[in-house]
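Undergrad: my questions are about this predicted structure, shown below with the sequence.
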Amino acid sequence: MNVVIAGGGISGISAAKVVLKEGHSAVVVESAAEPGGLMARIANCRVGFKTFHDEIASHPRLSLIGGAKIVAAQRKDGAFLLILSDGRTLDADRVVVATGLSPYDPVAYKAPRVLTSLEYDALIDQRNGELPPDFNRIAFVLCVGSRCEEYPLCSSVCCSYTIREIKWTLQRAAPAITVFYNDLRLFGNEFFMEKMYRDAGVRFIRANSRYFEAEGDEVRLRYFAGGKLVEEAFDYVVMAIGLRPNPALKELAGVFNFSLNGQGFVQEKGALRTDADGIYACGGALEPMNIKDAILTGFGAGFAAVHDPAKTAGGNGVRPASQDGRLYREEPPEIAIGDGPFDSCLFYLGTDDPAERMFYEFFSSRFIEAARSFRKAGKTVYVLTRNVAAPSYEELAYEEARREGVLFVHLEEGEDVRLDGGPVVVSGGGRELSFAVDRVFRLEDYAAAMQDREFLSVYRSEPQLRWSPTKWGRKRYHVGFIRHPRAPRWEAREVLGALGEMRLDDEEERVLPEVNEERCSGCGSCKEACPHGAIEIELVQVPLALFGPQTESVVPKAHIKQDTCVACGLCVATCPSDVIAYPG
């Protein structure tokens, strides 16, 4: 089978990996001269993409055509004859659409000191030498070009990218940093990063109204907070720009006659499938998403493209987990927000615990769903929020709730909430509000249902989740709620992604490194270096060569977990005592 992949970014290369692993041929058609897409434009991601791509770059069944687009297609006996912009033709049995996302270009706001997030990334790139001498006051402004009338969706990744740009900035300099946000829609352990940077002095200001203009050697930024208009000066303002459908997606929809939704993304007929036979989609062709999910959906689209959909999926696009014992899922807990004899209620969507903030996305959707239901029943409904995590399409439900009459009250920085059985009182920050309601529903009342669960997004680091997006261990791959609690549509995609990832892991038996325990000092260097969390330091009893009542002692030794180790060899290279080596 010959699979043509339209797009050579991270999701397209992920799809190609699975296609090749299944024994088929893959042709990647990339409009740019080189593959990489958006990921290759990010300083701290380009090496990761190159390494990922290099793993298949010389594969004999892989072809990469750069500087070309698919401009026409003819169906022939269930397959396709594709015509490229350079005049070449290709035969394809299946097509995977991996066109990626296009960054919003805020032309009206640009100035020498007003940069997009990608331009700022280039500024702080260590390859570009010294930072500017006036690199002292930096402001990040979120949601530029998204969550607006022109483009209502949340771009899903801008908050996360900003947190990482703060990290990369502080690795090189120590400027005063301020973040202006509407909501902080972070993912998993990023909420701990937020707390760490708050503790380090980074200011976070929740302000929906922001205006800035360059004036000489600084940028004046005005915003409304604390009941008044505030003006500050910064050396640089960084716009966290939104991500929108690639214009090439609309062109391909015309070529292959598949449908797009109202936001310009692929209208899925089933998981990762368009409504045109033989055409699959992944990554930014589906919706705004992060690198982890782009890789996951790439794996899934590659797997789906080379298998009969009827054999890999049920009617809802999900292959039952019972068909492969390595697929692991859990049902979401019942969030019982019961109706009752009340006329008014308030949902409090806030917590000071970063471990509970990781579930903002799950509880935001549940609370908004319940709030809309109560409002339709004629009740007065308030949602008091420290953070509404409604990424991508969830933003539409959030906006619809507001239009239906659900009253959202957004807490600003420094405001406190008193919940003591009487009226709910908001104070501090220049205003005082009181809500006398019949019922109050708090996130903290339901958070216990999330405890003691092995969420992949909680227990795995960013590098682990990125390159192994569903893998808990070699014998277990998490999908659905237990991978990351969010919108139900993701589980069907994650099942296919996990099947693709498992196929990539079905290699010849890996040769794992071994630890010489007699010589190991238990220093922990290998554990700190391992990007997969495959090494733990265990306490081992050893005999003492001494006279006396104590004949044994306990010493630390490194232990390699076979289910998690990928045999990359980093521990072998890192061990200062050369006690870790491959057998033979």
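TA: Yep, that arrived.
Undergrad: show me what contacts L131?
TA: Contacts for L131 (Cβ atoms under 8 Å, 6 or more residues apart in numbering) come out as L123, I124, R172, A173. Every residue, glycine included, has its C-beta placed from N, CA and C.
Undergrad: equivalent analysis for V29, please.
TA: Counted by Cβ under 8 Å, 6+ apart, V29 has contacts V4, I5, A6, G7, G8, I65, A68, K69, I70, L84, L90.
Undergrad: from these, which land in helices?
TA: With helices taken from DSSP state H, there is no overlap with those.
Undergrad: just the closest of these to E394, please.
TA: When the contacts of V29 are compared for distance to E394 (Cβ to Cβ), G7 wins out at 25.1 Å.
Undergrad: remind me which residues of the stretch 351-500 of the chain are low pLDDT?
TA: Low-confidence segments of the stretch 351-500 of the chain, defined by pLDDT under 70: none present.
Undergrad: can you give me the strands in it?
TA: Ranges of strands in the stretch 351-500 of the chain, per DSSP state E, counting those that start in this stretch, are 380-385, 407-410, 416-418, 424-427, 433-435, 439-442, 471-473, 476-478.
Undergrad: sheet partners, orientation included, of the longest one?
TA: Taking DSSP bridges as the criterion, strand 380-385 pairs within the sheet with strand 344-349 (parallel), strand 407-410 (parallel).
Undergrad: could you dump the longest one to PDB, C-alpha only?
TA: As requested, the backbone C-alpha atoms of strand 344-349 are provided in PDB (Å, rounded to 0.1, in the frame of the first residue of the first chain):
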ATOM      1  CA  SER A 344     -30.300  30.100  42.400                       C
ATOM      2  CA  CYS A 345     -26.900  28.500  42.600                       C
ATOM      3  CA  LEU A 346     -23.200  29.400  42.300                       C
ATOM      4  CA  PHE A 347     -20.400  27.200  40.900                       C
ATOM      5  CA  TYR A 348     -17.000  28.100  42.300                       C
ATOM      6  CA  LEU A 349     -14.300  27.100  39.800                       C
END
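Undergrad: quick one: which of the strands of the stretch 351-500 of the chain is nearest A281?
TA: strand 476-478 (21.8 Å).
Undergrad: ok, and what's touching the closest one?
TA: Contacts of strand 476-478 (Cβ under 8 Å, 6+ apart): 326-329, 454-456, 470-472, 494, 498, 501-502.
Undergrad: any of those residues buried? List them.
TA: Buried members of the contacts of strand 476-478, counted by 16 or more other Cβ atoms under 10 Å: 326-329, 455-456, 470-472, 494, 498, 501-502.
Undergrad: now, the most widely separated pair of the residues you listed?
TA: Farthest pair in those (Cβ to Cβ) is F455 and M502. Separation: 19.6 Å.
Undergrad: give me the element V542 is part of.
TA: strand 535-543 (DSSP states H and E).
Undergrad: what lines up beside that strand in the sheet?
TA: Checking strand 535-543 against DSSP bridges gives partners strand 552-560 (antiparallel).
Undergrad: as a whole number, average confidence for stretch 262-273?
TA: On average, the pLDDT along stretch 262-273 is 97.
Undergrad: I misspoke; the intended subject was stretch 553-570.
TA: 81.
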